[in-house]
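A.B. asks: I'll drop the sequence and a predicted model, then ask my questions.
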There are 2 protein chains.
Amino acid sequence: MIKVGIIGVGTVGTSVVNILKDNADVISARAGQDIVVKSGVVKNLSKDRGIDITLTDNVDDILNDPEIDIVVELMGGVEEPFEIVKRALKSGKAVVTANKALLAYHRYELQSLANDIAFEYEASVAGGIPIINALRDGLSANHIESIMGIMNGTCNYMLTKMANEGVSYDAILKEAQELGYAESDPTFDVGGFDAAHKLLILASIAYGIDAKPEDILIEGIENVTSDDIAFAKEFGYAIKLLGIAKKDGNEVELRVHACLISKDKMIAKIDGVMNGISVVGDKVGETLYYGPGAGGDATASAVVANIIDIARSGKSRPMLGFDKPLEGKLTLKATQDINSKYYIRINVSDRTGVLAKITKVFEENNISVETMLQRPATAASANLLFSTHIALEKDIQNMIKSIEALEFVNMTPVMIRIV
Amino acid sequence: MIKVGIIGVGTVGTSVVNILKDNADVISARAGQDIVVKSGVVKNLSKDRGIDITLTDNVDDILNDPEIDIVVELMGGVEEPFEIVKRALKSGKAVVTANKALLAYHRYELQSLANDIAFEYEASVAGGIPIINALRDGLSANHIESIMGIMNGTCNYMLTKMANEGVSYDAILKEAQELGYAESDPTFDVGGFDAAHKLLILASIAYGIDAKPEDILIEGIENVTSDDIAFAKEFGYAIKLLGIAKKDGNEVELRVHACLISKDKMIAKIDGVMNGISVVGDKVGETLYYGPGAGGDATASAVVANIIDIARSGKSRPMLGFDKPLEGKLTLKATQDINSKYYIRINVSDRTGVLAKITKVFEENNISVETMLQRPATAASANLLFSTHIALEKDIQNMIKSIEALEFVNMTPVMIRIV
Ligand SMILES: NC(=O)c1ccc[n+]([C@@H]2O[C@H](COP(=O)([O-])OP(=O)(O)OC[C@H]3O[C@@H](n4cnc5c(N)ncnc54)[C@H](OP(=O)(O)O)[C@@H]3O)[C@@H](O)[C@H]2O)c1
Ligand SMILES: NC(=O)c1ccc[n+]([C@@H]2O[C@H](COP(=O)([O-])OP(=O)(O)OC[C@H]3O[C@@H](n4cnc5c(N)ncnc54)[C@H](OP(=O)(O)O)[C@@H]3O)[C@@H](O)[C@H]2O)c1
């Protein structure tokens, strides 16, 4: 019999307790032994959680319990759970976590500390979708060429609603908060940070690359308007917040931002709160994984799968997918050197000569226009819509600064990358 | 160092050799050791395969070689590879195969023979998509409610082309053969047998259920016409060949047939030669896996992933997902008891009283009509299109027999199940 201690019995923790009970029949048959929760740690002991396990508010009760084989960390945070799981590993206990923030900062330290002890984290990326499993085991024969993921359900829900109903960003954010999809401080989701944490985890498995959120390009969806979504739709694109990891020679690009993506691509068809991750391998080609990225039960499904796996075989693979470092290690590409196609919308006062002045700025910054369209905005202003050929991030940034400074330009130009 | 022997160095076998060579850097870093092909077995030694491994035409050279750790069976067939992999297991060698036909018939015997030796078969279902991995490990915490898969690329290619271009079944089959998607005898693909083999494998992992192709409902796409695809499209449906496994109380339905499926469902959006499998778990909800279901490199990607996994950890999980039998075992539902909604098209001579007579036959067989539409077919005939409420398979079969016998009915009614 395997005994589990759960540190943090909130949304996900409660679901873990329930799944281990509700599905004990299949779980025991698949794991070859019974798996039981011995105890759980919470902050507030007086809260009713509708579950009948022993609760404590002292982590030592779990960390010092020699009967507990697996510590499941579901409390959230970064430094506090880091200290706790380090102690668990030191006392020889396997660890399972759903904590992407912890891993975004400390995955390599944890990998070396874990060493021969199992440390699993399937739920940390895309909730119920077994994407860690797919990338680390299922696609292990491949050089990974790219990963493109919709990894934040809140953002995808908001963008889908804006696309389908033309609602404004502010209205839909309020609705998402009322539905409990977005926190009262939604920055972590809509600012792209949550997706970035997940992207960093996947990038380690795909490329063996160590990077922190601070090192990579992270933009959110705060500046996406329903106008831009409508324009994108008209031209055959959807707008999605994507986490992108891409190999380019010996460099890897890591970035999170809103993207225009052709609506024929499978990933563009993923709507609402659902998540989906497309992975291109040099041998297998494109595979895609779709499902619920959050929610107590969906996330706990992944946590329990990790527990079953550890019950079956202890540690059966290297935590981050590499048993020894890759020779000719890949390095992180500087943000300024990223290249892409871009969608640019510039709102201008409607006078003669404007277009010539703007296209001159494009030219001065080495940006070549692929398509251009003018649309009236108000009686006195117009939207100029451009798509560019492949251009460099630094050139685009400079170009936008110059255009913004032109006196007939009414607002900071909107820039959305096209994939 | 892990040494591999490959029995069958054809399309997939050649790709396995190439991947182990081309991607030796990541493979060795992920597996923690080098993996090399020691030798391969073929029928025709004089054929040039563009690879430089030792070839023999005698399987004993691999089976009796004490240096070989893993036998990779890629020759195809059922009884001959069965004898060969049994011998490999008996001499303690791990086995990897892509052979769905072998597993459709002998997976339970192989599981008990393998016992503590690793026996892996990721490539046998949906080629490059790590669906075995997802179902057996990633979703192991769930009771599986249903599996619905597009698991034959040839059929999906044909149905997609018929839908997009209105081409006839015969014309598109000819094209698929010329492109090398369909064999010169395409029965195995278009008759649904290939998909059935794969479905049986998945059903064992999901439900622990033993069944053979002969035990389940298997229909192909031979009777799907571009007319029916066009009608389906008009009503918001796509037509796909699906393998379906569904739990209903203590029974499991297993069936392969063409389906009308709402075009809003993710699986309906999977076009061309691509495969996709939707799995619903009681806790996680729906997850879906998409990618290439065939092709040398894509299939070999899965074969090599299994080899890496064995190199990492030997046997880390039960072959078919269950370490001990499920209590209250599930049984196979009889085909006659399956229920579904149905699309029925009846071509009739256009005279008065016809509709009344037909709806009477529906009534006599307990079939309740949900929608009905009449469309002119030729000057003297009409198509009557029905969708039914949930009905029993046996009632539908009887109803079709009775309708076919009516003198004003011009052909066997078309019946396609709606999911
Ligand atoms: N919710 C999701 O859909 C989801 C999806 C993927 C990943 N995750 C990750 O899963 C983890 C848990 O998320 P959640 O949604 O379940 O969070 P939650 O509902 O806020 O639960 C957190 C739990 O941890 C306990 N806790 C917090 N700090 C503690 C401390 N210092 N000492 C003892 N107990 C403490 C809380 O106790 P009280 O109940 O007494 O306050 C609560 O039971 C997070 O890392 C999150 O990022 C969540
Ligand atoms: N091709 C795909 O896309 C795909 C996808 C998924 C699964 N699979 C499965 O993978 C397996 C292999 O498929 P494949 O397409 O690679 O087949 P293939 O191209 O026909 O290759 C079969 C190989 O086996 C050898 N062989 C056959 N019978 C033999 C015998 N009695 N003794 C020694 N060697 C023998 C053949 O030798 P010669 O070359 O000398 O004739 C050939 O090298 C099959 O089980 C298939 O169902 C294939």
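C.D. replies: Perfect, I can see it now. Ligands and ions are numbered 1, 2, ... in the order given.

A.B. asks: outline the domain layout of chain A.
C.D. replies: Taking automatic domain parsing as the criterion, chain A consists of the domains A:2-127+A:296-313, A:138-291, A:336-418.

A.B. asks: looking at those, which is nearest to B:Y169?
C.D. replies: Minimum separation from B:Y169 across the domains of chain A (CB to CB) falls at domain A:138-291, 25.2 Å. (Each C-beta comes from the backbone N, C-alpha and C, glycine too.)

A.B. asks: does the closest one reach ligand 2?
C.D. replies: No - using CB under 6 Å from any ligand atom, domain A:138-291 never reaches ligand 2; the gap is at least 12.0 Å.

A.B. asks: any idea how far the closest residue to ligand 1 within the stretch 201-350 of chain A lies from A:N152?
C.D. replies: Proximity of the stretch 201-350 of chain A to ligand 1 (CB to the nearest ligand atom) peaks at A:A294, 3.4 Å away. For A:A294, the distance to A:N152 equals 9 Å [CB to CB, to the nearest Å].

A.B. asks: closest to B:N115 out of the domains of chain A?
C.D. replies: domain A:2-127+A:296-313 (13.1 Å).

A.B. asks: how is the spatially closest residue to A:A98 that is not a sequence neighbour assigned, secondary-structure-wise?
C.D. replies: The shortest distance from A:A98 to any non-neighbouring residue, by CB to CB, 6 or more residues apart in numbering or on different chains, is to A:A123 (3.6 Å). On the three-state scheme (DSSP: H, G, I helix; E, B strand; the rest coil), A:A123 is labelled helix.

A.B. asks: what does the pLDDT read for A:A123?
C.D. replies: pLDDT recorded at A:A123 is 98.

A.B. asks: quick one: contacts for it?
C.D. replies: With contacts defined as CB atoms under 8 Å, 6 or more residues apart in numbering or on different chains, A:A123 is in contact with A:12, A:97-98, A:299-300, A:302-303, A:306.

A.B. asks: again, only this time at 10 Å
C.D. replies: A:12, A:16, A:72, A:74, A:96-100, A:129-130, A:132, A:293-294, A:298-306 (CB atoms under 10 Å, 6 or more residues apart in numbering or on different chains).

A.B. asks: A:K324 too?
C.D. replies: A:K324 makes contacts with A:208, A:318, B:28-33, as judged by CB under 10 Å, 6+ apart.

A.B. asks: which of those fall within helices?
C.D. replies: Among the contacts of A:K324, the ones falling in helices (DSSP state H) are B:28-31.

A.B. asks: as JSON lines, the residues you listed with pLDDT would be great.
C.D. replies: Formatted as JSON lines, the ones in helices among the contacts of A:K324 follow (pLDDT from 0 to 100):
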{"residue": "B:S28", "pLDDT": "97"}
{"residue": "B:A29", "pLDDT": "96"}
{"residue": "B:R30", "pLDDT": "97"}
{"residue": "B:A31", "pLDDT": "96"}
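
A.B. asks: by neighbours, which of those residues wins?
C.D. replies: B:R30 (28 neighbours; other CB atoms under 10 Å in any protein chain shown).

A.B. asks: once you drop chain neighbours, what's closest to that one?
C.D. replies: In space, B:R30 is closest to A:S140, 4.9 Å off (CB to CB, 6+ apart).

A.B. asks: again with A:G328
C.D. replies: Per CB to CB, 6+ apart, closest to A:G328 is A:N250, 6.8 Å.

A.B. asks: and that neighbour, how many neighbours?
C.D. replies: Residues near A:N250, counting by other CB under 10 Å: 10.

A.B. asks: per-residue pLDDT, it?
C.D. replies: pLDDT, A:N250: 94.

A.B. asks: and the gap between it and ligand 2?
C.D. replies: Counting by CB to the nearest ligand atom, to the nearest Å, the gap from A:N250 to ligand 2 is 32 Å.

A.B. asks: got a pLDDT number for the closest residue to ligand 1 within chain A?
C.D. replies: Going by CB to the nearest ligand atom, ligand 1 is nearest to A:G10 of chain A, at 1.8 Å. Listed pLDDT for A:G10 reads 96.

A.B. asks: run a quick neighbour tally on the nearest residue to it once chain neighbours are set aside.
C.D. replies: Once flanking residues are discounted, A:G10 sits nearest to A:L74: 6.8 Å by CB to CB, 6+ apart. Per other CB under 10 Å, the neighbour tally for A:L74 reads 26.

A.B. asks: just A:I27 next, same as before
C.D. replies: Quick note: A:I27 (other CB under 10 Å) scores 24 neighbours.

A.B. asks: my guess is A:G32 meets B:P325, correct?
C.D. replies: No - here A:G32 does not reach B:P325: they are 11.3 Å apart, not a contact under CB atoms under 10 Å.

A.B. asks: and these two? which has more neighbours close in?
C.D. replies: A:G32 (16 against 9).

A.B. asks: and the closest residue to the more buried one other than its chain neighbours, helix, strand or coil?
C.D. replies: Excluding the flanking residues, the one nearest A:G32 by CB to CB, 6+ apart is B:D323, at 3.1 Å. Using three-state DSSP, the structure places B:D323 in coil.

A.B. asks: now B:D323: how far from B:A182?
C.D. replies: B:D323 is 39 Å from B:A182, by CB to CB.

A.B. asks: just the strands in the stretch 251-400 of chain A please.
C.D. replies: When secondary structure is read from DSSP state E, counting those that start in this stretch, the stretch 251-400 of chain A shows strands at A:251-262, A:274-281, A:285-292, A:331-332, A:339-349, A:369-376, A:381-388, A:391-392.

A.B. asks: out of those, which comes closest to B:R255?
C.D. replies: Closest to B:R255 of those is strand A:285-292 (CB to CB; 23.5 Å).

A.B. asks: now do the closest one and strand B:285-292, the angle between them.
C.D. replies: In terms of direction (axes from the mean of the first three to the mean of the last three CA atoms, to 10 degrees), strand A:285-292 departs from strand B:285-292 by 170 degrees.

A.B. asks: now do the strands in the stretch 101-250 of chain A.
C.D. replies: Using DSSP E, counting those that start in this stretch, strands in the stretch 101-250 of chain A cover A:119-120, A:144-150, A:217-218, A:237-248.

A.B. asks: okay if I get those strands as TSV plus distance to A:I400 and mean neighbour count?
C.D. replies: Listed next are the strands of the stretch 101-250 of chain A as TSV, based on distance: least, CB to CB, whole Å; neighbours: other CB atoms under 10 Å in any protein chain shown:
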stretch	distance to A:I400	mean neighbour count
strand A:119-120	43	25
strand A:144-150	24	24
strand A:217-218	15	20
strand A:237-248	18	24
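
A.B. asks: turn those strands into JSON lines, columns for distance to A:E83.
C.D. replies: Converted to JSON lines, the strands of the stretch 101-250 of chain A look like this (distance: least, CB to CB, whole Å):
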{"stretch": "strand A:119-120", "distance to A:E83": "15"}
{"stretch": "strand A:144-150", "distance to A:E83": "30"}
{"stretch": "strand A:217-218", "distance to A:E83": "26"}
{"stretch": "strand A:237-248", "distance to A:E83": "28"}
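
A.B. asks: in TSV, list the ones you listed along with distance to ligand 1.
C.D. replies: Converted to TSV, those look like this (distance: least, CB to the nearest ligand atom, whole Å):
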stretch	distance to ligand 1
strand A:119-120	13
strand A:144-150	14
strand A:217-218	17
strand A:237-248	15
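
A.B. asks: on that earlier part again, so which of the domains of chain A is nearest B:V280?
C.D. replies: Between these, domain A:138-291 lies closest to B:V280; by CB to CB that is 10.1 Å.

A.B. asks: if we ignore the residues flanking it in sequence, what's nearest A:R351?
C.D. replies: A:F408 is the one closest to A:R351 (CB to CB, 6+ apart), at 6.3 Å.

A.B. asks: just checking, the one you found touches A:V354?
C.D. replies: Yes - counting by CB under 10 Å, A:F408 does reach A:V354; the two are 5.5 Å apart.

A.B. asks: and the stretch 101-250 of chain A, which residues reach ligand 1?
C.D. replies: Within reach of ligand 1 by CB under 6 Å from any ligand atom, the stretch 101-250 of chain A has these residues: A:123, A:127.
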